[in-house]
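Q: how would this look folded up:
(one chain, ligands or ions: 2)
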Amino acid sequence: MDDVVKTFPLSSFEPPRKIERPSREEAEAAVRTLLRWAGDDPDREGLRETPRRVARAYEEFFKGYLESAEDVLSTVFEEVEGYDDLVLVRDIPFTSHCEHHVVPFVGKAHIAYYPLAGVVGLSKLARLVEVFARRLQTQEAMTAQIAAAIDEALAPRGVAVMVEAEHMCMSMRGVQKQGSSTVTMQFSGVFRDNAAEQAHFYTLLRGAR
Ligand SMILES: Nc1nc2c(ncn2[C@@H]2O[C@H](COP(=O)(O)OP(=O)(O)OP(=O)(O)O)[C@@H](O)[C@H]2O)c(=O)[nH]1
Ligand SMILES: [Zn+2]
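A: Residues are numbered from 1 along each chain as shown. Ligands and ions are numbered 1, 2, ... in the order given. Next up is the predicted model:
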């Protein structure tokens, strides 16, 4: 990644923001400060390479800032050979970081849509989850962003997105409740208007695996 001012692609419905990326040296110095804040000595043998490793790990955790939903969903197969029923990809695993504590939340996303003018490659739905998961997030925003991006790119008859996750900020710290899971869902089109369609989605999610 370059140490320059970049326009980051954010979600399709958020205006691009100019964010001044610090230099790698500045990022590593910030990690050294946090190591000292934790109570350790960043100059001891075991920690000497840690700022460099953490900066690189951040590039992976947050690579979604350099990607856009538009790029991922740009190839639409308009020819669906008569198929106009539900497409459901369930159990897409993801790891994200909550924007409040920069601590992971980990779970699965389930995405369904009714094609109208075309479909996308199935892997693109999993890539779309990655684009949004690899940013600082709330689970609600991530769920809404996935649904909105599919709506925008495919103009389907409807989209249903459900996300289930465990938030480490609730298990490792704070209220310290291990094992609770949070479920969020966003519906559009026929799913939003029609309770029977929502029920169909839930039934398919619970179905045989
Ligand atoms: N709605 C929502 N809340 C989240 C998510 N991730 C973390 N949080 C919550 O964000 C809240 C932040 O609350 P604050 O009171 O500002 O911060 P805090 O003192 O660290 O809160 P505690 O976690 O209760 O100790 C907490 O209740 C978290 O559980 C998320 O994806 N969605
Ligand atoms: Zn949190």
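Q: got a list of what the closest residue to ligand 2 within the chain touches?
A: For the chain, the residue positioned closest to ligand 2 under CB to the ion is residue 169, at a distance of 2.8 Å. To be clear about C-beta, it is placed using only N, CA and C from the backbone, and glycine gets the same treatment. With contacts defined as CB atoms under 8 Å, 6 or more residues apart in numbering, the neighbours of residue 169 are 98, 100, 101, 103, 105.
Q: Name the next helix or strand downstream of the helix or strand harbouring it, please.
A: Using DSSP states H and E, the secondary-structure element containing residue 169 is helix 168-171. Following the chain from helix 168-171 toward its C-terminal end, the next helix or strand by DSSP H and E is strand 182-189.
Q: how about the residues of this protein near ligand 1?
A: Within the chain, the positions adjacent to ligand 1 are 98, 100, 138, 139, 140, 167, 169, 170, 174, 175 by CB under 6 Å from any ligand atom.
Q: ok, the closest residue to residue 135 other than its chain neighbours to residue 188 distance?
A: Distances taken as CB to CB, 6 or more residues apart in numbering put residue 64 closest to residue 135, at 4.3 Å, once the chain neighbours are dropped. Distance, residue 64 to residue 188, using CB to CB, to the nearest Å: 22 Å.
Q: Repeat that for residue 116.
A: Distance of residue 116 to residue 188, given as CB to CB: 12 Å.
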